[in-house]
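*Asks:* this one's sequence-less:
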């Protein structure tokens, strides 16, 4: 799959929106923007398989906050406006 210039700009915008949203969420205490939900399995204690010789632990957690959702929506809006000017 070939990554075009528009696709690269979209990925960069989404990644930067996630990072900026996490920063905003971390620095707004007791605000609606700092509300975070965790999705996944094993986020409290990972699943563990003990085979005496080796122990395998498996866990996956996805945290998303309201600030990140707003930033992602803004990034998609910015992309929609400026994608016309990208070759």
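*Replies:* Looks like it arrived, so ask away. Only a predicted model underlies this, so the values are computations on that prediction, with no experimental measurement involved. Numbers count the residues shown, from 1 in each chain.
*Asks:* I figured residue 48 hits residue 57, correct?
*Replies:* Yes: under the criterion of Cβ atoms under 8 Å, residue 48 makes contact with residue 57 at 5.0 Å. Using the backbone N, CA and C atoms, a C-beta is placed for each residue, glycine as well.
*Asks:* ok, residues contacting the least confident helix or strand in the chain by mean pLDDT?
*Replies:* Within the chain, no helix or strand scores below strand 36-41, which has a mean of 81 by mean pLDDT, DSSP states H and E. The contact list for strand 36-41, computed with Cβ atoms under 8 Å, 6 or more residues apart in numbering, reads 25, 47, 59, 60, 61, 62, 63, 64, 65.
*Asks:* Residues in a beta bridge with the second one, which ones?
*Replies:* Beta-bridge pairing for residue 47 (DSSP bridges): residue 58.
*Asks:* how far away is it from residue 19?
*Replies:* Separation of residue 47 from residue 19 (Cβ to Cβ, to the nearest Å) stands at 29 Å.
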